[in-house]
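Sequence and computational prediction follow.
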Amino acid sequence: MKPGIETALYVVVGLVAGSLGGMLGIGGAIVIVPALVYIFGYAQHDAQGTSLAALVPPIGLLAAIYYYRAGHVRLVPAAAIACGFFLGALLGAASAQRIAPALMRQIFGGVFLVVSLRMIIGR
């Protein structure tokens, strides 16, 4: 994959994570970690470390430093995801205001169900 396209995909992952985080109140890692593992082929530790580094501006500084020292953080993807996440959270929060509470519960449950099944079943 070309570097520019790959970086753009990282920003999209950040936008999706930020949008869902803002809309559903979920942590970005529930989107970012599986995306890094299944789309980009990261090892689990690298995905977790990179996700934490992407979320450093709002959370996770100490954990990200620990992962970084262990060699499990990819800084460029983490920065690209953070940019997308920042804007995506705003979009998600704005979108959530227009969605009925019952539908929001269904979306919230559906996201967790899909991620849970994928994590249980594996690649």
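Arrived safely. Just so we're clear, the structure is a prediction, and the values are computed from it rather than from any experiment. Residues are numbered from 1 along each chain as shown.

any weak-confidence spans in this structure?
25, 56-60, 123 (pLDDT under 70).

dump the residue contacts of the residue nearest the centre of it.
For the chain, Ile32 is the residue whose C-alpha lies nearest the centre (C-alpha atoms, centre = their mean; 2.5 Å). Contact analysis of Ile32 by C-beta atoms under 8 Å, 6 or more residues apart in numbering lists Val13, Gly14, Ala17, Ala47, Thr50, Ser51, Ala54, Leu55, Ile81, Phe85. In this view, the C-beta of every residue, glycine as well, is placed from N, C-alpha and C.

Of those, which belong to helices?
When DSSP state H is applied, these are split such that Val13, Gly14, Ala17, Ala47, Thr50, Ser51, Ala54, Ile81, Phe85 fall in helices.

any chance of these in TSV, plus neighbour count and distance to Ala96?
As requested, these are exported to TSV (neighbours: other C-beta atoms under 10 Å; distance: C-beta to C-beta, whole Å):
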residue	neighbour count	distance to Ala96
Val13	26	20
Gly14	29	18
Ala17	29	15
Ala47	23	26
Thr50	27	26
Ser51	32	22
Ala54	33	21
Ile81	33	21
Phe85	28	16
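
which two in those residues are spaced the farthest apart?
Considering C-beta to C-beta, no two members of the ones in helices among the contacts of Ile32 lie farther apart than Ala47 and Phe85, which are separated by 14.9 Å.

At which residues are the helices of the protein located?
3-24, 29-38, 44-54, 61-69, 75-96, 101-121.

Okay, the residue nearest to the centre of the chain and Asp46: tell me how far apart.
Taking C-beta to C-beta, to the nearest Å as the criterion, Ile32 is separated from Asp46 by 12 Å.

Could I get the phi/psi values of Ile39?
When quoted as degrees, to the nearest 10, the phi and psi of Ile39 stand at phi -90, psi -40.

so who does it touch?
Under the criterion of C-beta under 8 Å, 6+ apart, the neighbours of Ile39 are Leu9, Val13.

any idea how far it is from Ala70?
Taking C-beta to C-beta as the measure, Ile39 and Ala70 are separated by 23 Å.

Next: Pro3.
As judged by C-beta to C-beta, Pro3 and Ala70 stand 25 Å apart.
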